[in-house]
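Visitor: Provided below are the primary sequence and the corresponding predicted coordinates.
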Amino acid sequence: MKVIIVGGVAGGASCAARLRRLDEKAEIVMVERGPYVSYANCGLPYHVGGVIEKESSLLVADANTFRSQFAVDARTGCEAIGIAPDKKTVQLRNVATGEVTTESYDKLVLSPGAPSIRPPLPGIDLPGIFQVRTVPDARAIREWIEKGSLFLSGMHKYSGFQTVRPKTRAVVIGGGFIGLETAENLVHRGFDVTLVEMGDQILAPLDQEMARIVEGYVERHGIRLALNDGVAGFQKAANDTLAVLTKSGKSYPADIVILALGVRPDTALAKMAGLKIGERGGIRVDEHMRTSNPDIFAVGDAVEVKDFVTGEWSLIALAGPANRQGRIAADVIAGRGSRFRGSQGTSIIGLFGGAAAWTGASEKTLKRIGDRDYEKIYLYPNSHAGYYPGAKPIAMKVIFRKSDGRLLGAQALGEDNVDKRISALAMALQMGATVYDLEEAELCYAPQFGSAKDPVNFAGMVAADVLRGDMPISHWDGAENGFLLDVREPVELAVEDAPGAVNIPLGQLRARLGELPRDREILVICRSGQRAYSATRLLLQRGFNARNLSGGMLSHAHASTFWES
Ligand SMILES: Cc1cc2nc3c(=O)[nH]c(=O)nc-3n(C[C@H](O)[C@H](O)[C@H](O)COP(=O)(O)OP(=O)(O)OC[C@H]3O[C@@H](n4cnc5c(N)ncnc54)[C@H](O)[C@@H]3O)c2cc1C
């Protein structure tokens, strides 16, 4: 059996290696148009920033490794330019010489990825404007930072004796992962960074109130955000600098510009081969990663996947799914029945020591598809036992089915161990767990790692209390007409007031019940919801109609101060 794999990075390389492990006899050809196979594109922003100093560290395995260890005919600088499905052949072009050859296949795997979006804006090809997609891209950015203009060359040789450092300015366009990661790295390299984002928030998969926390955090670490503004074009300005012009009429000066406008599935070859393209613009595959042609498979950023929660077709450009899909395609080619389960979009981004992570459906997605059978909770547990040094709060939003408690999605932000909470929740979600399962999850605990009630348990307990009717909750967006009872201490109110609320500290509540109405719904608040929970239980048992306002003052403000608390 002869298998040709197009694309030699995440999906393609994992497919090749897996196939060899399953089938020692298969003839495997892996073609990659670029100069490297199996490189770590996820590390590119950190190479730009100098965290990963050596370019060679990004090269996980080279073509020789594939040849010697896996007997894979790995060809770099080799582009697939056409497919003839009827003849089962692929046309290959040697990028250096232009020579075109034809190669036959029994099975073909497409893993061409998703190139960066590069709209035809005026001035987009000016020197100093980059994307972060490949190793040569990162190299070009580093070279530009060091000697792209006379000013940057001078800055790079800056002795450090001067007390006033002239500003180097970067404009990053796009507030997704790659834009934000590169913006952080440019801050580390001393740039004054402005991030222009057309949408009304950064990190589009997050719900807006959670994104607001990240926005406050990155702004405090030196990234200036310009939201609700699209880029309109670029101009050359004085002294080799650039001007980034936006649709609102603003002009941002820049010594370097990074384009991070998102990616689009590469479907050129698939279209040529007459393969079915889905409604989201990716290659349509079945759960075995088979395209509409049974001998052609497709994996990675170029394909549409089923959203695990909503069942909708979606585009998810992440390394984990690409690697798993490559492996599944190899399994199926080797005669196994492996299936891709769909993607939950489980993601994480690290920024200035903090992290934002999420899995499953967001509230805005559920609203968009008209799903009303959900409830959400906000909670702010410590990353580990509060008495052990270094504990940091984690802001969590957990979304679950009202009717049966099934976990639908979770978002978490914080400076310590956010990843393990979302990873645990992601696993639970994929296994179809309910919030009652989260209550019972047995997780690692010693004080430096977690709490006897881990944030994951805690989320389950709060959500289960809600569903069992032990703790009715409400949210700020429906709180306008409620009777607000604030059970915090007066000293806390001095810092952060809840306008219109009656203050009765929890410790005084039993003695002052006469001050509360019996004919109105009482919405109870504290700082994070924990004392309000006790107060709500007390009031319910005393015959009041009470609800805990989920997340208390923290979810109200989603205060920029959260990360510093
Ligand atoms: C800067 C950056 C940071 C990222 N960070 C993360 C992260 O932190 N976490 C995460 O989960 N994901 C991250 N990703 C996304 C992740 O890298 C991708 O989801 C993953 O690489 C997709 O794998 P793929 O095989 O589909 O495509 P790719 O890995 O992009 O590989 C496709 C390859 O196919 C080649 N190719 C295309 N067409 C042809 C052709 N006709 N002939 C020959 N070769 C061809 C291309 O040159 C390319 O090298 C990041 C991506 C980038 C660019």
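Guide: Nice, thanks for sending it over. Numbering: from 1, shown residues only.
Visitor: Can you get me a residue count around the residue of the stretch 201-350 of the chain at minimum distance from the ligand?
Guide: Residue nearest to the ligand within the stretch 201-350 of the chain (CB to the nearest ligand atom): Gly300, separated by 2.0 Å. C-beta here means a position set from N, CA and C on the backbone, and glycine is covered the same way. Other residues within reach of Gly300, judged by other CB atoms under 10 Å, total 35.
Visitor: Secondary structure class of the closest residue to it other than its chain neighbours, three-state.
Guide: Spatially, and ignoring its direct neighbours in sequence, Gly300 is nearest to Gly11 (3.3 Å; CB to CB, 6 or more residues apart in numbering). For Gly11, the assignment made with DSSP: H, G, I helix; E, B strand; the rest coil gives helix.
Visitor: Surely Gly11 is in contact with Asn41?
Guide: No. Applying CB atoms under 8 Å, one finds Gly11 not in contact with Asn41, separated by 12.0 Å.
Visitor: more crowded one of those two?
Guide: Gly11 (34 against 19).
Visitor: From Ala74, how far off is the more buried one?
Guide: 15 Å (CB to CB, to the nearest Å).
Visitor: For the nearest residue to Tyr158 once chain neighbours are set aside, report the pLDDT, please.
Guide: Distance criterion CB to CB, 6+ apart; nearest residue to Tyr158, sequence neighbours excluded, is Arg165 at 7.0 Å. What the model reports for Arg165 is a pLDDT of 74.
Visitor: Arg165 - how many residues pack around it?
Guide: 10.
Visitor: cool, Pro35 as well?
Guide: For Pro35, the tally of surrounding residues (other CB under 10 Å) stands at 15.
Visitor: Assign it to helix, strand or coil.
Guide: On the three-state scheme (three-state DSSP), Pro35 is labelled coil.
Visitor: what bits of this structure have low per-residue confidence?
Guide: Across the chain, the ranges flagged by pLDDT under 70 are 159-163, 558-565.
Visitor: what residues does it put near the ligand?
Guide: Residues of the chain lying near the ligand by CB under 6 Å from any ligand atom: 6-7, 9-12, 31-34, 41-42, 44-45, 79-80, 111-113, 132-133, 177-178, 266, 269, 300-302, 317-320, 322.
Visitor: Can you tell me how far the closest residue to Ala204 other than its chain neighbours is from Gly460?
Guide: Leaving aside its sequence neighbours, Ala204 sits nearest to Gly176 (CB to CB, 6+ apart; 6.8 Å). According to CB to CB, Gly176 and Gly460 sit 31 Å apart.
Visitor: Tell me which of the two has more neighbours.
Guide: Gly460 (27 against 19).
Visitor: Please identify which helix or strand holds the more buried one.
Guide: Under the criterion of DSSP states H and E, Gly460 resides in helix 455-468.
Visitor: one step back: which residues does the residue nearest to Ala204 contact?
Guide: Gly176 makes contact with Ile202, Leu203, Ala204, Ala260, Gly262, according to CB atoms under 8 Å, 6 or more residues apart in numbering.
Visitor: mind redoing it with 10 Å?
Guide: Glu197, Gly199, Ile202, Leu203, Ala204, Pro205, Ala260, Leu261, Gly262, Val263, Ala317, Ile349 (CB atoms under 10 Å, 6 or more residues apart in numbering).
Visitor: correct me, but the residue of the stretch 201-350 of the chain closest to the ligand touches Asn41?
Guide: No. Counting by CB atoms under 10 Å, Gly300 does not reach Asn41; the two are 11.5 Å apart.
Visitor: Overlap of the contact sets of these two?
Guide: Shared contacts of Gly300 and Asn41 (CB under 10 Å, 6+ apart): Val9, Ala10, Gly113, Ala319.
Visitor: where does the third one land in three-state SS?
Guide: Same thing as Gly113. coil.
Visitor: Which residue is the nearest non-sequential neighbour of it?
Guide: Nearest residue to Gly113, sequence neighbours excluded (CB to CB, 6+ apart): Asp301, at 4.8 Å.
Visitor: Just to check, that neighbour is in contact with Asn323?
Guide: No. The criterion here is CB under 10 Å, and Asp301 misses it with Asn323 at 11.6 Å.
Visitor: Tell me which of those two has more neighbours.
Guide: Asp301 (26 against 18).
Visitor: And the residue of the stretch 51-200 of the chain closest to the ligand?
Guide: Of the stretch 51-200 of the chain, the residue with the smallest distance to the ligand, taken as CB to the nearest ligand atom, is Gly113 at 2.6 Å.
Visitor: which residues touch that residue?
Guide: Listed by CB under 10 Å, 6+ apart, the contact set of Gly113 reads 7, 9-12, 41, 133-134, 263, 265-266, 299-302, 317, 322.
Visitor: Filter the residues you listed down to just the buried residues.
Guide: The neighbour-count test (16 or more other CB atoms under 10 Å) marks 7, 9-12, 41, 133-134, 263, 265-266, 299-302, 317, 322 as buried among the contacts of Gly113.
Visitor: Filter these down to just the ones in helices.
Guide: Residues of the buried ones among the contacts of Gly113 located in helices (DSSP state H): Ala10, Gly11, Gly12, Ala322.
Visitor: now stretch 392-412: how far from the chain's centre is it?
Guide: Stretch 392-412 has its C-alpha centroid displaced from the chain centroid by 17 Å (CA atoms, centre = their mean, to the nearest Å).
Visitor: Three-state assignment for Glu53, please.
Guide: Assigned state for Glu53: coil (three-state reduction, three-state DSSP).
Visitor: Could you find the closest non-adjacent residue to it?
Guide: Using CB to CB, 6+ apart, the closest residue to Glu53 is His47 (7.8 Å).
Visitor: Alpha carbons of whichever strand or helix holds that neighbour, as PDB, please.
Guide: Taking DSSP H and E as the criterion, His47 maps to helix 44-49. Provided in PDB are the C-alpha atoms of helix 44-49 (Å, rounded to 0.1, in the frame of the first residue of the first chain):
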ATOM      1  CA  LEU A  44       6.900  30.600  17.400                       C
ATOM      2  CA  PRO A  45       5.700  33.600  19.500                       C
ATOM      3  CA  TYR A  46       8.100  32.600  22.200                       C
ATOM      4  CA  HIS A  47      11.000  32.500  19.800                       C
ATOM      5  CA  VAL A  48      10.100  36.000  18.600                       C
ATOM      6  CA  GLY A  49      10.200  37.100  22.300                       C
END
